[in-house]
Structure formats: C-alpha cells, structure tokens
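Chemist: Need a 3D model of the following:
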Amino acid sequence: MPTIVHETYHAYTDIYGLIHHGKVIKAPEGVVDSGDKVWIRSPFKGYAFYFLDSGHHVVEITPTYPAKELSSQITGELRTMRFEPYIGTS
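Modeler: Numbering: from 1, shown residues only. Coordinates of the predicted model:
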C-alpha cells in the first residue's frame, strides 16, 4: 500500500498542475481516442503538491542549481541511499 500511495502521488503532482493551468482539448491528431481519457493542453510546466495543513500548492518548474555542485557540502553522515541517484551522479 505505501508503494501505491507513493506512485499515485507522482501522478497527482504531474497532472494537477496541468489541470489547474491548462484547458481540456480534443485528442491530438492521429491518436485513437476511446473516449475514456481527458486531454489537456497547458503551457504551464510544474508540479502540484498537497499538504494536509495548507491544501494544494502548484509550483512552476524553473532552472535549478546543479545538485552535484552541492556534494562537497553534504557530509558522510547525511548521505543516505538517495545521495548517489540524485546528487552523486551526473
């Protein structure tokens, strides 16, 4: 169950921002639409987050600082299994 919640939240963060800032359109040309999908077009690039204490927050994706440049500042005791995949690699 924790994995289902985690992966579903990824879908939520990707889709809610588009729904909030986009408009519903018909299926793109060449796509066979069975009628069970909603197509959204949005110039907005971002993610949505939901917090119990403050509700929905939509955050636009902007250029970021390269995480690899922070690696010298993160000491060994702070490096978890997530360090290599997200910061330690190119």
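
Chemist: The host helix or strand of Thr3: how far from the chain's middle?
Modeler: Here Thr3, judged by DSSP states H and E, is contained in helix 2-21. Computed by CA atoms, centre = their mean, to the nearest Å, the chain-centroid distance of helix 2-21 equals 7 Å.

Chemist: which residues are contacting it?
Modeler: Helix 2-21 is touched from outside by 40, 42-44, 46-50, 56, 58-59, with contacts defined as CB atoms under 8 Å, 6 or more residues apart in numbering. From N, CA and C alone the C-beta is placed, and that goes for glycine too.

Chemist: Adding distance to Pro85, neighbour count and secondary structure, write the residues you listed out as a markdown table.
Modeler: Formatted as a markdown table, the contacts of helix 2-21 follow (distance: CB to CB, whole Å; neighbours: other CB atoms under 10 Å; DSSP: H, G, I helix; E, B strand; the rest coil):
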| residue | distance to Pro85 | neighbour count | secondary structure |
| --- | --- | --- | --- |
| Ile40 | 30 | 14 | strand |
| Ser42 | 29 | 14 | coil |
| Pro43 | 30 | 7 | coil |
| Phe44 | 27 | 13 | coil |
| Gly46 | 23 | 17 | strand |
| Tyr47 | 19 | 17 | strand |
| Ala48 | 23 | 18 | strand |
| Phe49 | 21 | 15 | strand |
| Tyr50 | 25 | 12 | strand |
| His56 | 28 | 12 | strand |
| Val58 | 26 | 16 | strand |
| Val59 | 22 | 11 | strand |
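
Chemist: quick one: secondary structure of Lys37?
Modeler: coil (DSSP: H, G, I helix; E, B strand; the rest coil).
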